[in-house]
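J.: kindly generate the corresponding structure for this input.
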Amino acid sequence: MKHLLTLILAIFVSYNLMAQYDFEGARIQNGRFELIVKLDMNPGEQNKFIEQYELDSLIARHLFQKDFRFINDSTPWQVVLLSNEKVLISKALSDEKAIMPVLSQFILDEMFRQNQNQQQNLTALCGVNKLSDEAAFKFNNNEYCFFLSGFTSAEKVMLAGSFNNWNTMQTSMQKIDNGWRHCLKLSPGKHTYKYIIDGKWTDDPANNQKENNEHGTKNSIVFVYNYTFNLKGYKTAKKVMVAGSFNNWNPNELPMQSTAEGWKLPMYLRQGTHTYKFIVDDNWILDPENPANQTDESGNINSVLSFGNQINFRLPGFAEAKKVILSGSFNNWNQDEVRLKQTNFGWETNYALAPGLHEYKYIIDGRWIHDPANPYTTGEPPYLNSIIAVKPNHIFSLENHADAIEVIVTGSFNNWRHDGYRMQQRSNGWIFPIHLPPGRYAYKFIIDGEWIVDPDNPYYEKNEHGTDNSVLWIEQE
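T.: Take a look at the predicted model:
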């Protein structure tokens, strides 16, 4: 126990040094337990190091003798030579089962301390880049290139961000004539990052778009584009904007660029269904090239853009109904926007949704009902909402409990609602598919009113009630 407490303290101290590339001691990163080892330790320092980190004496002997091949080939440890004086040894957390129950809360907290807030803030409906130097982030040969101008006297510059789980040692920038450069493949969406210049964390001086982080500093933001709005003609216009449901209809946020044919705006736009209009010198107009449109609750007609995952919503029966509406969290519970078409079996519509968890209901001639064909719901009767997970990236499962009437999963992802997400009963237990942004989550099951941790999850933490919560982390895809 003494050694374990020492280990916890050592890892905690080392995490305060995470802001420097050349950290000392230990840390948890990307699912591995990492140690920086100074090879020039004297025998007394070596013994203290071995005791502090409970390092096997055989491994330690070969390590300090610089017999790295033995360690890599014969043990779960991996060795990376950083310099003539230092090596990085690392071991997968799955190999630390004996100490995981004691260290679980600390490890889970610290594993995501660096990047939890950034990752959970990566979900964005839309975005455009705001660079003072266009070369700072540029597409080239199927890759996106980060360029840091100046700092030519620096010895080393690293790039860390949401795209590499804020790894401080993975992405080294190449020194060129007038700065530093690194190119990599990135998926469409929002990405946050910083530069590490000779151990000092720095936001991008050529990027005007930043956000606060948990350290009291700022991260730079770039968007990888996936869509371009186009408006032909109107060449004499002084200003053309685009506004829509994706930016809360802000008429001053998204200016379009003048081209030889008219106006355009390349940007990132989250998958799903969006309504929008162009604003030409303060005159709001529909997209003349887009025949799809909808009428909102105020009677305004807007252009409609849909791309992504087309979901087929089907409601059997109700042959006598005159109007059936689909309303949900994805369209701010609009009561008139998405109308279903009547078919031989009932009512139906296709609607594009982004990956995520969405709540919805049908409105039948003014009467709200949840989807009778969907077993996943949230809320208390009669105020139930149906839930659909688009591209689920995790499935909560609880085996047995065949006699339970109701099993709910709830957690930090839904503010610990006691009426959380109802699970579906299967032959061997209960399940609930979910899509969660990358990050760390605490959760519990509620079986007919009784709160329990996940018996099949070894990771847990203490809560403010003196009991335990199960812990789940979702990695960046």
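J.: pLDDT score for residue 103?
T.: The confidence metric pLDDT takes the value 39 at residue 103.
J.: got it, and residue 79?
T.: Residue 79 is given a pLDDT of 83.
J.: tally of neighbours for it?
T.: 21 (other CB atoms under 10 Å). C-beta coordinates here come from the backbone N, C-alpha and C atoms, glycine included.
J.: is it true that it touches residue 70?
T.: No: using CB atoms under 8 Å, residue 79 is not in contact with residue 70, being 9.6 Å away.
J.: common neighbours of those two, please.
T.: Shared contacts of residue 79 and residue 70 (CB atoms under 8 Å, 6 or more residues apart in numbering): none.
J.: beta partners for the nearest residue to residue 172 once chain neighbours are set aside?
T.: Excluding its sequence neighbours, the residue lying closest to residue 172 (CB to CB, 6 or more residues apart in numbering) is residue 158, at 5.8 Å. Beta-bridge partners recorded for residue 158 (DSSP bridges): residue 172, residue 196.
J.: and the gap between residue 158 and residue 148?
T.: Relative to residue 148, residue 158 is positioned 11 Å away (CB to CB, to the nearest Å).
J.: next: residue 176.
T.: 10 Å.
J.: now the strands for the stretch 51-200 of the chain?
T.: Counting by DSSP state E, counting those that start in this stretch, the stretch 51-200 of the chain has strands at residues 78-81, 86-92, 126-127, 137-140, 143-149, 157-161, 174-176, 179-184, 189-197, 200-202.
J.: looking at those, which is nearest to residue 282?
T.: strand 126-127 (21.5 Å; CB to CB).
J.: direction included, what does the closest one pair against?
T.: strand 262-269 (antiparallel).
J.: ok, then the element right after the strand it pairs with?
T.: Where DSSP states H and E defines the elements, the next helix or strand beyond strand 262-269 is strand 272-280.
J.: send me that next one as CSV with only the CA atoms.
T.: Output of strand 272-280 as CSV, limited to C-alpha atoms (Å, rounded to 0.1, in the frame of the first residue of the first chain):
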residue,chain,number,x,y,z
GLY,A,272,-27.8,16.5,-41.0
THR,A,273,-30.7,18.6,-42.2
HIS,A,274,-30.3,22.4,-42.3
THR,A,275,-32.5,25.3,-43.4
TYR,A,276,-30.9,28.5,-44.8
LYS,A,277,-31.1,31.6,-46.9
PHE,A,278,-28.8,34.0,-48.7
ILE,A,279,-28.7,37.7,-47.7
VAL,A,280,-27.9,40.0,-50.6
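J.: what's the angle from that strand to strand 262-269?
T.: Strand 272-280 and strand 262-269 are oriented at 150 degrees to each other (axes from the mean of the first three to the mean of the last three CA atoms, to 10 degrees).
J.: who are the packing partners of the next helix or strand after strand 272-280?
T.: Using DSSP H and E, the next helix or strand after strand 272-280 towards the C-terminus is strand 283-285. Using 3 or more CB pairs under 8 Å, 6 or more residues apart in numbering; DSSP states H and E as the contact criterion, the elements in contact with strand 283-285 are strand 272-280.
J.: what lines up beside the strand it packs on in the sheet?
T.: Applying DSSP bridges, one finds strand 272-280 paired with strand 240-244 (antiparallel), strand 283-285 (antiparallel), strand 301-307 (antiparallel).
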